[in-house]
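any chance you could fold what I've pasted below:
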Amino acid sequence: MTQEHHPSKTTSKPSERDVMLDMDKHVATITICNESRYNAMAYSMWVKLGDIMEELNEQADIRVLIVRGAGEKAFVSGADISEFGERRNDPEQVALYDQAVSRAQSALTHFPKPVITAISGICFGGGLGLILASDLRFAATQSKFRMPAGRLGLGYAYDGIKRMASILGVAKASELFYTANIYSASEALALGLVNSVHDNVFEYSTQVAHQISQNAPLTLFAAKAAFKTFMGGSQEEEIKRVDQAVRACFASEDYKEGRAAFAEKRNPVFRGK
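Residues are numbered from 1 along each chain as shown. Here you go, the predicted model:
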């Protein structure tokens, strides 16, 4: 695995109840910042996360996205319950809140580039929704996972349940949801909730992200489209779009570069064209 790292183009300072975006060449990192509340997601944070995802969709030079929480005590501990009296106390406010959550999670799910979640500490409720919207999930050894909806009396949207069941299988997703149990990192690995567990999850996630960013962007785009279509139920029009993306790979300059690099026994330099 490559050890290459690049100097950051931009570096933001975390603050409370915020979502920060940093760039490191072809890798973007989103940091959820609300450390005093274990990175609980306030309404404004869901809105900003959705806004950032829209911004990233317009940036062709970004090839991989990492999502993490500020500090090491939590990825995301769920929704900021201190807001519930204001934000989720009548049907209109509930609808606005749920719309913000759905927009942000859907943007992650449908982001056309690979998404990695680096999970350290607590990952409960809305945190689970975020990691299940990603492609690769890496956890720190001290991480803990829980879906506490059944202990809070709140409903969970169909799209979230569907993705949970698609990734874990119905039986394991049912156990996670019905019991509201707390799972350790090793238990989450056995459940299929995370890909692997690491002592330094942030370093490992960054290393993997830079490795992925050196691969052919059009190939990654086509693969992500295929995985997304499969998870969504393989609709005919979506399958056609995947086929078009695959054909674009074979017609690209990157395909020529990949073959030339293989023949010349050197590392390829892909440009996404």
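
so where's this protein uncertain?
Scanning the chain with the threshold set as pLDDT under 70 gives 1-15, 84-90, 233-235, 238-239, 242-243, 245-246, 249-250, 255, 258, 262.

residue ranges of each domain in it, please.
The record, using automatic domain parsing to delimit domains, assigns the chain the ranges 18-213, 217-264.

the shortest one: end-to-end distance?
End-to-end distance of domain 217-264: 21 Å, with Cα to Cα, to the nearest Å as the criterion.

re the thing from before, could you single out the most deeply buried of the domains of the chain?
domain 18-213 (a mean of 19; mean count of other Cβ atoms under 10 Å). C-beta: built from backbone N, CA, C; applies to glycine.

save the domains of the chain as a markdown table, and put in distance to Phe270 too.
Converted to a markdown table, the domains of the chain look like this (distance: least, Cβ to Cβ, whole Å):
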| stretch | distance to Phe270 |
| --- | --- |
| domain 18-213 | 9 |
| domain 217-264 | 5 |
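
of those domains, which is nearest Lys273?
domain 217-264 (4.9 Å; Cβ to Cβ).

for the longest helix along the chain, name the packing helices and strands.
Once the chain is assigned using DSSP state H, the helix that runs over the most residues is helix 91-109. If you count contacts as 3 or more Cβ pairs under 8 Å, 6 or more residues apart in numbering; DSSP states H and E, helix 91-109 packs onto helix 43-57, helix 84-87, helix 126-132, helix 158-168.

could you figure out how far the first one is turned away from helix 91-109?
Looking back up the chat, that one is helix 43-57. Helix 43-57 runs at 30 degrees relative to helix 91-109, counting by axes from the mean of the first three to the mean of the last three Cα atoms, to 10 degrees.

what residues does helix 43-57 touch?
Residues outside helix 43-57 that contact it (Cβ atoms under 8 Å, 6 or more residues apart in numbering): 17-19, 21, 28, 30, 32, 34, 41, 62, 65, 80, 83, 87, 96-97, 100-101, 103-104, 107-108, 111-112.

quick one on the thing from earlier: quick one, which of the helices and strands packed on helix 91-109 is nearest to Arg241?
Nearest of the helices and strands packed on helix 91-109 (Cβ to Cβ): helix 43-57, 16.1 Å.

output that closest one as CSV, restricted to C-alpha atoms.
Coordinates of each C-alpha in helix 43-57 appear next as CSV, following Å, rounded to 0.1, in the frame of the first residue of the first chain:
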residue,chain,number,x,y,z
TYR,A,43,-30.0,20.6,12.5
SER,A,44,-27.6,23.3,11.2
MET,A,45,-24.9,20.6,10.8
TRP,A,46,-27.1,18.4,8.7
VAL,A,47,-27.9,21.3,6.5
LYS,A,48,-24.2,22.3,6.1
LEU,A,49,-23.2,18.7,5.4
GLY,A,50,-25.8,18.6,2.5
ASP,A,51,-24.4,22.0,1.3
ILE,A,52,-20.8,20.7,1.4
MET,A,53,-21.8,17.6,-0.6
GLU,A,54,-23.4,19.7,-3.3
GLU,A,55,-20.1,21.7,-3.4
LEU,A,56,-18.0,18.6,-3.8
ASN,A,57,-20.2,17.3,-6.6
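
what are the contacting residues of the helix or strand following it?
Using DSSP states H and E, the next helix or strand after helix 43-57 towards the C-terminus is strand 64-69. The contact list for strand 64-69, computed with Cβ under 8 Å, 6+ apart, reads 26-33, 39, 56, 75-76, 108, 111, 113-121, 127, 130, 134, 202, 205-206, 209-210, 212-213.

among those residues, name the ones in strands.
Among the contacts of strand 64-69, the residues falling in strands (DSSP state E) are 27-33, 75-76, 115-119.
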